[in-house]
Structure formats: C-alpha cells, structure tokens
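>>> fold the following.
(2 chains)
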Amino acid sequence: MSHHLFLLSPSDTPLYSLTHQSTKPAPAVASPLAANLPTWSTSAFAGTLTALSGASSATQQSTSGPTRVGGGQDRHDVMRKDSGMYLKAVDKFNEWTVSAFVTPGNMKFLLLHEAKNDDGIRSFFMEVWELYVKTLVNPFHSAHTPVRSGVFDSRVRASAKKYL
Amino acid sequence: MASNVKQYKAIGEELWKGRSEKINAELFALTYGALVVQLIQDYEDYDEVNKQLEKMGYNIGTRLIEDFLARSGMGRCSDFREVGEVIAKVGFKTFLNITPSVVHALPPSPTPNRQSNPTPSQPSFTLTLDENPLTEFVELPEDALEGGLWFSNVLCGVIRGALEMVQMQVQAEFVSDVLRGDESSEIRVKLVKYLEEEVPVGDD
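Alright, predicted model coming up:
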C-alpha cells in the first residue's frame, strides 16, 4: 500500500513530494495504480483544487453569505477553526482518495492513498506541519521554494512509517 | 583556581539575571540568520562573508567590552588563562546565557612578554560551545558547507575587538562547527601580543 504526499505553496506550486510504501497490512485490493499515479498534470491539479475549495466551503455553514466569493475566502474561513485544517477526503482520483490539510499559512498538504485511515493521516499531517514549520525558520530556506532539506526529508519519512 | 572558576560562574549568573532587557531567542536567531543570508547574497563568496562577519563582530566587541566591564566591575586579568575563564564564564554568560567550556594551551613557562611574532609558544585557549543561540534553526545548504562558511563568525570578531580594547591582540577563529558536521563547535583564541599604551604624538 503506497502513499503519495505533496506539499503545495499558496500559489499551488509543488514544493515537496514523497512516495511512501507502507509496511502495514493492506486491505486486499489489487491495485494496478502505479500506472495511474498523477504526475502533477494540470488536469489533476484543477480537479483537486476545485475539490479543495469546494470542500472548504462545504464545511462552512450558510452564514458565509449568498455567493461563494472564491477559493481564498473559503480557506480562510476554514482555517479559523483549528480542527478545520484537516479536510479529510476531498476527492477521488481514479482509485486513489485525496486527503487534504490546509495550514494557516495557506500551504496545502495533499496525500493520495488507497485505504481509509483518517486518524493516522490526521496525525501524520500534524507532524508534517510541525516539521515544515521547523524548516521554514531555517534562514537558508526561502518561503515558497522547494524544500531541499535532508533533515526534513528523513523526518517526514520516519513520520510516514509511524502513521501510515 | 577552582574557587575563582566558581566565583566567575556566580558573577556571570548574577549579571545574566540582573539584566532586565532580555530578547526573545527565536527573534534573535532569525535576525542573525537573515543577516548572514543577506551577506551571502551580497558578497557571493563565503570567505568574504566570514571576513565581514568577523568585522561586524569586531565593531561590536570594541564597544561591548566597556559595557561588560562597567556592569561586572571586574578588574584586570592577571594572565591569559584568566582571560579565557572570564570570557567563557562571565562574558558569554552575561550576553548569551551560555557557558562554553575552556581548554587552555599555555606554553611551558607562561610569561606575558611582548613578542611580535606569533610563535607556537604563545598562550591560547579553546572555547567549546555546546549550545549556540545563533544557530537555533539553521541547516547549512551544500554550497555553504563546501564554501567554508563559519556561520557564527561574528563571535570571533567580538572576542578580538573586546580584547584589543584591553591591550591584547589576539587571533580568534573557529576550528570546528556542528553546522558543518563536526562533533563540536570550537573557537580558538590565540594571543599574538600585548599592546603597549600608545603615547599620542606631540605629547612631550
């Protein structure tokens, strides 16, 4: 059972990606999915993003007004609620479920996975978020550029092993 | 000697506690980090960046010594060994709240005579920093590692500037740094010579 993690900047540029093979027992699902893995094509992007903004506004109740102003507005509303950062499953891409996590800095973490694992994924996202914040305070890292830190990479992998 | 060390530790602790204006460590580390990164972008040469950091430190040190002596009320150090102890236990403690350990390397018969050539028989001491507030979140990228950047080089400048104002010319440099993958961060301070009081020209 494999997972694919993507970290996206507010302008939706991928800053980090990771493929993780889980050693946990997978449900018996024959998955010829390696072929279907979205190499970050614009169509996959667009689909996920609309799903993200759609999901954000869905968590908002009707108090947000008659018309949906736009993606940015909704995400801010989502982020005001602390538990609203984790958006759970927002999309299905072929056989993969896409789970999302939006940070207060408008960074988006996406995880593509097959099995349902909400709690594990939530904990994983929280840890990735912490690790990401630690990378951000490194003066040699400029915001919204690809993450090249080896330490970050190894820690994310360790976290993936723990939760996924 | 041991009682002196304890005394210095106590003085350092008191001075640190007595300072009412403390600053958030994260802000401090971020500011210094931004400074180093900016220097790297401006000069694009790690040796030059090291020099500039040292220069900045020198300017700070020449003024900081006044503040330090005024607050601590310490008298003149009797020998270079004591200089090392005071810098480590009182100086670093007062300003950075860390106490690096000191290892002295003194020539067999330490006499503070004025030699103008830095021979191997000059006294020196090595400060080992087991923690460094400047490098709180820092991870050096590949080219900084290869280029030979000493991230905290400002500290060497501060030591050199401060000691110059009390009539000691020293050479202070990093010999190892955990940021570079070494086991510990060490600054070696070597005495070059004692400076004579210069008589202003035309004063006779």
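>>> how about the residue in chain A that chain B sits nearest to, secondary structure?
Minimum separation of chain A from chain B (CB to the nearest CB) falls at A:Pro139, amounting to 2.7 Å. To be clear about C-beta, it is placed using only N, CA and C from the backbone, and glycine gets the same treatment. Recorded secondary structure, A:Pro139: coil (DSSP: H, G, I helix; E, B strand; the rest coil).
>>> neighbours around the closest residue to it other than its chain neighbours, how many?
Computed as CB to CB, 6 or more residues apart in numbering or on different chains, the closest residue to A:Pro139 that is not its neighbour in sequence is B:Gly33, at 2.7 Å. The number of residues packed near B:Gly33 is 21, by other CB atoms under 10 Å in any protein chain shown.
>>> list the buried residues of the strand or helix carrying B:Gly33.
B:Gly33 is located in helix B:25-43, with elements delineated by DSSP states H and E. For helix B:25-43, burial by neighbour count (16 or more other CB atoms under 10 Å in any protein chain shown) applies to B:29-30, B:32-33, B:35-37, B:39-40.
>>> my read: the residue of chain A closest to chain B touches B:Ala34, true?
Yes - in this structure A:Pro139 lies within contact range of B:Ala34 using CB atoms under 8 Å: 5.7 Å.
>>> model confidence score at the closest residue to chain A within chain B, please.
Going by CB to the nearest CB, chain A is nearest to B:Gly33 of chain B, at 2.7 Å. Looking at B:Gly33, its pLDDT reads 95.
>>> so it is in contact with B:Leu140, correct?
No - using CB under 8 Å as the test, B:Gly33 is too far from B:Leu140 to be in contact (11.0 Å).
>>> name the residues contacting each of those two.
A:Phe140 (CB atoms under 8 Å, 6 or more residues apart in numbering or on different chains).
>>> mind checking what helix or strand follows the helix holding B:Gly33 in sequence?
helix B:46-72.
>>> buried residues, that next one. List them.
B:46, B:49-50, B:52-54, B:56-58, B:60-62, B:64-65, B:68, B:72.
>>> and the furthest pair within the residues you listed?
B:Tyr46 and B:Ser72 (35.2 Å; CB to CB).
>>> near chain B, which residues of chain A?
Chain A comes close to chain B at residues A:134, A:137-140, A:148-149, A:151, as judged by CB under 8 Å from any CB of the partner chain.
>>> 10 Å - rerun?
With CB under 10 Å from any CB of the partner chain as the criterion, chain A comes near chain B at residues A:133-142, A:148-152.
>>> could you find the closest non-adjacent residue to B:Cys77?
B:Val83 (4.7 Å).
>>> pLDDT on the strand or helix carrying the one you found, on average?
Using DSSP H and E, B:Val83 maps to helix B:80-86. Mean per-residue pLDDT for helix B:80-86: 93.
>>> so which elements touch the helix or strand that comes right after it?
Per DSSP H and E, the first helix or strand lying C-terminal to helix B:80-86 is helix B:92-96. If contacts are counted by 3 or more CB pairs under 10 Å, 6 or more residues apart in numbering or on different chains; DSSP states H and E, helix B:92-96 sits against helix B:2-18, helix B:46-72, strand B:124-129, helix B:154-165.
>>> quick one: mean pLDDT for helix B:92-96?
Averaged over helix B:92-96, pLDDT sits at 93.
>>> return the alpha-carbon coordinates of it using PDB.
This file holds the C-alpha atoms of helix B:92-96, laid out as PDB (Å, rounded to 0.1, in the frame of the first residue of the first chain):
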ATOM      1  CA  PHE B  92      29.300  34.600  27.300                       C
ATOM      2  CA  LYS B  93      27.000  34.100  30.200                       C
ATOM      3  CA  THR B  94      26.100  37.700  30.500                       C
ATOM      4  CA  PHE B  95      25.300  38.300  26.900                       C
ATOM      5  CA  LEU B  96      24.200  34.900  25.500                       C
END
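>>> list of residues touching that helix?
The contact list for helix B:92-96 (CB atoms under 10 Å, 6 or more residues apart in numbering or on different chains) reads B:8-9, B:11-16, B:18-19, B:25, B:28, B:60, B:64, B:67-68, B:71-72, B:86-87, B:98-100, B:127, B:129, B:131-134, B:155, B:158-159.
>>> so what's the spatially most central residue of chain B closest to, chain neighbours aside?
For chain B, the residue nearest the mean C-alpha position is B:Ile159 (3.3 Å; CA atoms, centre = their mean). Among residues not flanking B:Ile159 along the chain, B:Ala172 sits closest, at 4.4 Å (CB to CB, 6+ apart).
>>> surely the residue nearest to B:Cys77 touches B:Met168?
Yes - between B:Val83 and B:Met168 there is a contact under CB atoms under 10 Å: 7.0 Å.
>>> circling back to that earlier point, which helices and strands does the helix holding B:Gly33 pack with?
Helices and strands touching helix B:25-43, by 3+ CB pairs under 10 Å, 6+ apart, are helix B:46-72, helix B:142-147, helix B:154-165.
>>> ok, and what's touching that helix?
In contact with helix B:25-43 (CB under 10 Å, 6+ apart) are residues A:137-142, B:22-24, B:46, B:48-53, B:56, B:96-97, B:132-138, B:141, B:143-144, B:147, B:149, B:151-154.
>>> that helix versus helix B:154-165: what angle between them?
On the basis of axes from the mean of the first three to the mean of the last three CA atoms, to 10 degrees, helix B:25-43 is oriented at 90 degrees to helix B:154-165.
>>> counting contacts, what elements does the helix or strand hosting A:Asp153 pack onto?
If you go by DSSP H and E, A:Asp153 is part of helix A:150-163. Secondary-structure packing of helix A:150-163 (3+ CB pairs under 10 Å, 6+ apart): strand A:2-8, strand A:14-21, helix A:118-136.
>>> export the first one to CSV, keeping only CA atoms.
Spelled out, that is strand A:2-8. Extracted C-alpha coordinates of strand A:2-8, given in CSV (Å, rounded to 0.1, in the frame of the first residue of the first chain):
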residue,chain,number,x,y,z
SER,A,2,1.6,3.2,-1.0
HIS,A,3,1.0,6.8,-0.2
HIS,A,4,2.0,9.9,-2.0
LEU,A,5,2.4,13.2,-0.2
PHE,A,6,2.6,16.6,-1.9
LEU,A,7,3.2,19.9,-0.3
LEU,A,8,1.8,22.8,-2.3
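>>> many thanks, we can stop here.
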